[in-house]
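Engineer: quick one, fold the following:
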Amino acid sequence: MPSPNLNITHVTGAQDNKVTTLNETTDLLDEAMNDTVTIDINNADATLTAAQTQENARILLSSTTTPITADRTVNIQAEKRVLFFEQPIDVDEQFSIIVQVTGGGGTSVVLPNNGWALVYCDGANCDIVARQDSDARTAFAGTTGTQNIDFDGDSIRTVTLSGTTTLALFSPRQGRTILLEVVGGGNSFALPGTATVIGSGAYVAGSTNYLSILCNNAAAPTYLVTISQ
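Structural biologist: Next up is the predicted model:
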């Protein structure tokens, strides 16, 4: 009979060679606490096998093509596990890397862009218990339409826009501040919630606008914004 989570074989009372089982148990515990598996999400979603989920502590994501320009889902098996996900891949702002139990029936989590997250799975649902976002500065260009910006990604964005463009933040986190340097004319600025501008600054089309946006309520998103040129 195996253990309930890591599927490690138990020693039985009538077993002749207990040394083999005990050595296998020791090795599997060592792997579950310390080993790394690299998962390629270059062209498609990925699903960890039962052995990969059980026998590794660190899940390192890789891709030969960056930035990734579509959502990617990493499926783990239905085990009770704490897993360390390292996500060094650049992802376009409107896309995400999602971790869930295979089948997608429970709660999923979104990994920070170019960062890491410690994820606990209870066998059905995933939850991030610790994380580190990248502090790198990222520049991206938009044209017209809506440009989505991941609030959980890099903390500084240089945004070059043209035409009539809406900037929309998503995945807000309470207490998190994001800095935007917006260049371009004829632009509007939108948030998924209520934004209150602090001070006398105003958004000026055709100028370089510097915005500091603090999320002070993530459940019903509200933001405090300062604007300067």
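Engineer: so how far is T20 from the residue nearest to P2 when sequence neighbours are not counted?
Structural biologist: The spatially closest residue to P2, leaving aside those adjacent along the chain, is T9, at 5.4 Å (CB to CB, 6 or more residues apart in numbering). All C-beta atoms are positioned from the backbone trio N, CA, C, and that covers glycine. Per CB to CB, to the nearest Å, T9 is found 9 Å from T20.
Engineer: neighbour count: those two, which is higher?
Structural biologist: Neighbour count, other CB atoms under 10 Å: between T9 and T20, T9 has more, with 15 against 12.
Engineer: would you check that the more buried one makes contact with K18?
Structural biologist: No: with contact defined as CB atoms under 8 Å, T9 and K18 do not form a contacting pair (10.9 Å).
Engineer: show me the contacts for A195.
Structural biologist: By CB atoms under 8 Å, 6 or more residues apart in numbering, the contact set of A195 is I213, T222, Y223, L224, V225.
Engineer: what is it paired to in the beta sheet?
Structural biologist: Counting by DSSP bridges, A195 forms beta bridges with Y223.
Engineer: look at it and report its pLDDT.
Structural biologist: Among the per-residue scores, A195 holds a pLDDT of 84.
Engineer: again with the one 3 residues further on
Structural biologist: Confidence per residue is given as pLDDT, and for I198 that number is 90.
Engineer: could you do the one 4 residues further on as well?
Structural biologist: With respect to pLDDT, A202 has a value of 82.
Engineer: let me see the contact set for it.
Structural biologist: So A202 contacts I227 (CB under 8 Å, 6+ apart).
Engineer: and it, that's in a strand?
Structural biologist: No: residue state for A202 (DSSP: H, G, I helix; E, B strand; the rest coil) corresponds to coil; a strand is not indicated.
Engineer: what's the spacing between it and T226?
Structural biologist: For A202, the distance to T226 equals 11 Å [CB to CB].
Engineer: likewise for T25?
Structural biologist: For T25, the distance to T226 - CB to CB - is 57 Å.
Engineer: check T158 too.
Structural biologist: T158 sits 17 Å away from T226, going by CB to CB.
Engineer: follow-up on the earlier one: return the closest of the contacts of A195 with respect to N125.
Structural biologist: T222 (27.1 Å; CB to CB).
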